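Asks: Got a sequence here, can you model it:
(4 chains)
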4 protein chains.
Amino acid sequence: MSSVVTLVGNPREGSRTRTVAVAAAETLGRRIGYDDPPEVVDLAALAPHLPAPAASPQVEVALELVRGAGVLVVASPTYKATYTGLLKVFLDRLPGGALTGTVALPLLVMGDPRHALAVEIHLRPVLVELGALVPTPGLALAEAEIPALDARLGPWADRVAPQVTAALRETLGQGAQA
Amino acid sequence: MSSVVTLVGNPREGSRTRTVAVAAAETLGRRIGYDDPPEVVDLAALAPHLPAPAASPQVEVALELVRGAGVLVVASPTYKATYTGLLKVFLDRLPGGALTGTVALPLLVMGDPRHALAVEIHLRPVLVELGALVPTPGLALAEAEIPALDARLGPWADRVAPQVTAALRETLGQGAQA
Amino acid sequence: MSSVVTLVGNPREGSRTRTVAVAAAETLGRRIGYDDPPEVVDLAALAPHLPAPAASPQVEVALELVRGAGVLVVASPTYKATYTGLLKVFLDRLPGGALTGTVALPLLVMGDPRHALAVEIHLRPVLVELGALVPTPGLALAEAEIPALDARLGPWADRVAPQVTAALRETLGQGAQA
Amino acid sequence: MSSVVTLVGNPREGSRTRTVAVAAAETLGRRIGYDDPPEVVDLAALAPHLPAPAASPQVEVALELVRGAGVLVVASPTYKATYTGLLKVFLDRLPGGALTGTVALPLLVMGDPRHALAVEIHLRPVLVELGALVPTPGLALAEAEIPALDARLGPWADRVAPQVTAALRETLGQGAQA
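Replies: Coordinates of the predicted model:
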């Protein structure tokens, strides 16, 4: 069965990116009929294993979880005005087309609001290149908005949930036919 | 009732961009249950009226047609490695959020395949900014592919039709509730 | 002899974009040894003549002025999160490589600071495609900064003047050899 | 004294990216008066040490070499239509403004020519954000061009050398005054 997964690309453990990503995935999940909490792939824990060429069981499990996601919230802080290298190192491990059939939602947590376009310009294209459906505009959330997170995520989830549901129904339908 | 419209941003009349855009809109239209030919807004005919501040009845009709589209194929040749100024002059006439409830598909006809990313990086964000749903990756078609247009557009339409249908059902549903 | 020109892509006459553009060109001009005021190509006045296919003497003069500029400040407000269609319509009139030997500086005047990256992502590539040297990062200035314009432009001019001078010396040197 | 350094962001050892990067740095170096071979920071060797939070002497040496470069050729293959995560993980280690006073040249080795714009859209902005001078357009080189590498790099070096020299003179001058 399909599921909601959030991929967190912040190298620090217990990051605010993780807080935002989990809250976004939960808020969206409830809107689209998932009562279970989202699964979380936090790359902070995997960082030591990621760029090494050797296989790592933890990394393999994480890759499988991400590939099998029905809905994938891909979250990163802005480092150098774009997503982190850690997130890209992980995504680079996925083969071409690995996210076909996954509905992905890009999310950036920005220190500086002037980096807002990065979510559409830099993060979204990587997910499209991997074959994901990315039906909604990316969410660029300023760190200053975190104290009032619910007030920001509620309207966002209201807005994107119908498109996610529609895209999901489509990919599930294709899976059933295949 | 909703409809399929194609907006052609080539300043020359009878352009190949128009040929490609109409073929794309027809091919997609058939896949999603529209038997009527798509309506065409060809900006070549409107160019003299566009940047002038004075109102023009033809421009107003064209703007209404684009705003009322259910599905909008927005096509441009690449000029200076991105979409034309003519297309943007027209889109600049639309007020903020004017394409809310429209499913838009960006399409670039390239002289040089090295400009392929422009459809995602430059053209798509303008449509998103106008409020359109842009659920599918943009189509960047090289001029060299035009002689075998059907072979290119058929698989493209197969791939995007389900997402367009899903997005359309959603926007129509919202309209019905409103 | 070479000169400082500013190209203003705002369709409204007497725009704040023009105010900012002229101030930027003057401030920079003084730093690099030009005492004459910059020449201004304000597209607001040319708008009615621009997209029409017919030749217009005013447009031809403006194109020549821009092509002959040593230093070109290209300024636009953000419309739909990028530069205006009016600016692009004008630039589309230039043949490929028309700005070879010109040092161009992109400048966006933003209503919303979240559009800041547009100056690097959208405006700069058009100028590079036209052959211009664009040695400095683009300037994205929020409308809210206009009341304290001098305080913003002074440090900017200090920062970019050396690079502009170096690039200019280079292009002039090439011209002298040619 | 300043030097020419090339940073290679391919995770595989002995990569073609390295071959191209070294050839580009050598060809450019000769044009701008450096007879010594360029120093090479090949991230393939550093990959196991990179994302781990712990300090690594090799990584520190590499970071110092990159920060101290006068001219820095930053090379990556295209992975998922942009530069590699490995390169970004390394760049993320640099503090803000770390490349101030460095003249950087972005270089992508593409499997698919349709990814050409990525060098300007994705790679260049990261270097600008780090404070580097990036006076020339990025070089996007298709793998198919590698067999005739010299024929491609010679004209490229002829074109960019004057701008690199000018920018370098400027940054060295600033250093001398400081």
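Asks: how about the helices in chain A?
Replies: Applying DSSP state H to chain A gives helices spanning A:16-31, A:43-46, A:57-67, A:85-92, A:118, A:124-129, A:149-177.
Asks: quick one: which of these is nearest C:Tyr79?
Replies: Shortest distance between C:Tyr79 and these, using CB to CB, is found for helix A:118: 20.3 Å. Every C-beta, even on glycine, is put in place using the N, C-alpha and C of the backbone.
Asks: Could you list the residues of chain A in contact with chain C?
Replies: Residues of chain A found near chain C (CB under 8 Å from any CB of the partner chain) are A:81, A:113-118, A:121, A:140.
Asks: isn't A:Pro11 right next to D:Pro51, touching?
Replies: Yes: between A:Pro11 and D:Pro51 there is a contact under CB atoms under 8 Å: 6.7 Å.
Asks: quick one: contacts for A:Leu107?
Replies: Counting by CB atoms under 8 Å, 6 or more residues apart in numbering or on different chains, A:Leu107 touches A:20-21, A:24, A:73-76, A:119, A:138-141.
Asks: change it to 6 Å
Replies: By CB atoms under 6 Å, 6 or more residues apart in numbering or on different chains, the contact list for A:Leu107 reads A:24, A:73, A:75, A:139.
Asks: again with A:Asn10
Replies: By CB under 6 Å, 6+ apart, the residues touching A:Asn10 are A:17, A:77.
Asks: Taking the centroid of chain A, which residue is nearest it?
Replies: With distances taken as CA atoms, centre = their mean, A:Val74 lies nearest the centre of chain A, 1.5 Å away.
Asks: Looking at strand pairing, list the partners for it.
Replies: Beta-bridge partners of A:Val74, counted by DSSP bridges, are A:Leu7, A:Pro106.
Asks: any low-confidence regions in chain A?
Replies: Scanning chain A for pLDDT under 70 picks out the ranges A:1-2, A:52-54, A:172-178.
Asks: same thing but 80
Replies: Residue ranges of chain A with pLDDT under 80: A:1-2, A:51-55, A:170-178.
Asks: Would you tell me which residues of it are close to chain D?
Replies: Residues of chain A lying near chain D by CB under 6 Å from any CB of the partner chain: A:47-48, A:50-52, A:79-81, A:85-86, A:88-89, A:92, A:126, A:129.
Asks: Out of those, give me the two with the largest separation.
Replies: Spanning the widest gap among the residues of chain A next to chain D are A:Ala52 and A:Ala81, at 27.5 Å by CB to CB.
Asks: So between these two, which is more surrounded?
Replies: A:Ala81 (22 against 16; other CB atoms under 10 Å in any protein chain shown).
Asks: re earlier: can you tell me which of the residues of chain A next to chain C is nearest chain B?
Replies: Taking CB to the nearest CB as the measure, chain B sits nearest to A:Ile121 out of the residues of chain A next to chain C, at 6.2 Å.
Asks: Would you reformat the residues of chain A next to chain C as a markdown table and include distance to B:Arg152?
Replies: Formatted as a markdown table, these follow (distance: CB to CB, whole Å):
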| residue | distance to B:Arg152 |
| --- | --- |
| A:Ala81 | 36 |
| A:Pro113 | 40 |
| A:Arg114 | 39 |
| A:His115 | 36 |
| A:Ala116 | 35 |
| A:Leu117 | 30 |
| A:Ala118 | 32 |
| A:Ile121 | 26 |
| A:Ala140 | 34 |
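Asks: In strands, which of those fall?
Replies: If you go by DSSP state E, the residues of chain A next to chain C have A:Ala140 in strands.
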